[in-house]
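Student: pasted the sequence and its predicted model underneath.
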Amino acid sequence: AQTVTQSQPEMSVQEAETVTLSCTYDTSESDYYLFWYKQPPSRQMILVIRQEAYKQQNATENRFSVNFQKAAKSFSLKISDSQLGDAAMYFCAYRLYSGGGADGLTFGKGTHLIIQP
Amino acid sequence: DTGVSQNPRHKITKRGQNVTFRCDPISEHNRLYWYRQTLGQGPEFLTYFQNEAQLEKSRLLSDRFSAERPKGSFSTLEIQRTEQGDSAMYLCASSSGQGLRGYTFGSGTRLTVV
């Protein structure tokens, strides 16, 4: 079974600084997708960024970028120029690309990101 | 389209009662997912539908849980004979195709069993 580990229960960063959230996963598969989701307090979960495992190039979405190390099974999220609105729980998630069953996302336990003004 | 809608937002019930939650996905999305999230944990997959067909169920989905998606539109998740351990946030998500571009989540239904 696939597992996703987020080793940082909580991270704190000064506004405008850069922070990196860690994620490792365990799988024996070669084709899969990785995601970072953001869950603000009492609000719905929002997709931040996604990465296809077959792509070597790291995904980037504005201030958000990932460092995907397939061999190390590591998928960290870097947030540049942190803003107060970035404060939230961040979840790393894995999804097998199967074209059929095993369709659900496997989530880590999350990292609570605090932005210090 | 207002996104994925879940009702009710909160539900308090007594142990042993039955509860039903509703999820209205984005209209053009053919896949619908249910997840459960307990305090301090990430969401855990429960089940998903492609149109009206329920294609996969997690081992977390005991016999007391049943989900339906009649006509491939909205979905309901029913929990019979609720237990205190059922207290959690129940999240619904939808996607188009295989969901490889990510899911759109609803705001969830928070269930408290007393």
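Tutor: Arrived safely, thanks for sending. Numbers count the residues shown, from 1 in each chain, chains lettered A, B, ... in the order given.
Student: can we go C-alpha only for contacts and neighbour counts from here?
Tutor: Fine.
Student: got a list of what the most centrally placed residue in chain B touches?
Tutor: The centroid of chain B falls nearest to B:Trp34 when counting by CA atoms, centre = their mean (3.4 Å). Neighbour list for B:Trp34: B:Phe45, B:Leu46, B:Thr47, B:Tyr48, B:Tyr90, B:Leu91, B:Cys92, B:Ala93 [criterion: CA atoms under 8 Å, 6 or more residues apart in numbering or on different chains].
Student: looking at these, state which has the most neighbours.
Tutor: B:Cys92 (31 neighbours; other CA atoms under 10 Å in any protein chain shown).
Student: that residue contacts B:Gly106, correct?
Tutor: Yes: counting by CA atoms under 8 Å, B:Gly106 is a contact partner of B:Cys92 at 5.5 Å.
Student: before we move on, the earlier item: looking at this, the residue nearest to the centre of chain B is in a strand?
Tutor: Yes: under DSSP: H, G, I helix; E, B strand; the rest coil, B:Trp34 falls within a strand.
Student: so in terms of bridging, what pairs with it?
Tutor: B:Thr47, B:Cys92 (DSSP bridges).
Student: circling back: which one of the contacts of B:Trp34 is nearest to A:Thr60?
Tutor: Among those, B:Ala93 lies closest to A:Thr60 (CA to CA), at 23.8 Å.
Student: related to what we said a few turns ago, pipe the contacts of B:Trp34 into CSV and attach distance to B:Arg59 per row.
Tutor: Listed next are the contacts of B:Trp34 as CSV, based on distance: CA to CA, whole Å:
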residue, distance to B:Arg59
B:Phe45, 9
B:Leu46, 8
B:Thr47, 9
B:Tyr48, 13
B:Tyr90, 16
B:Leu91, 17
B:Cys92, 18
B:Ala93, 19
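Student: next, B:Lys71: phi, psi?
Tutor: phi 60, psi 10 (degrees, to the nearest 10).
Student: how close does it get to A:Ala53?
Tutor: Distance of B:Lys71 to A:Ala53, computed by CA to CA, to the nearest Å: 35 Å.
Student: who's more crowded, those two?
Tutor: Between B:Lys71 and A:Ala53, counted using other CA under 10 Å, the more crowded position is A:Ala53 (20 against 10).
Student: and the helix or strand of chain B at the bottom of the mean pLDDT ranking, what does it pack against?
Tutor: When each helix and strand of chain B is scored by mean pLDDT, DSSP states H and E, strand B:53-57 comes last, with a mean of 89. Contacts defined by 3 or more CA pairs under 8 Å, 6 or more residues apart in numbering or on different chains; DSSP states H and E place strand B:53-57 against strand B:44-50.
Student: contacts for the strand it packs on?
Tutor: A:103-107, B:30-37, B:54-61, B:69, B:72.
Student: now do the shared contacts for B:Cys92 and B:Gly106.
Tutor: Between them, B:Cys92 and B:Gly106 share the contacting residues B:Val4, B:Gln6, judged by CA under 8 Å, 6+ apart.
Student: how about the residues of chain B near chain A?
Tutor: Within chain B, the positions lying close to chain A (CA under 8 Å from any CA of the partner chain) are B:33, B:40-45, B:47-48, B:55-56, B:98, B:100-108.
Student: identify each buried residue in the least confident helix or strand of chain B, please.
Tutor: B:Gln54, B:Glu56, B:Lys57 (16 or more other CA atoms under 10 Å in any protein chain shown).
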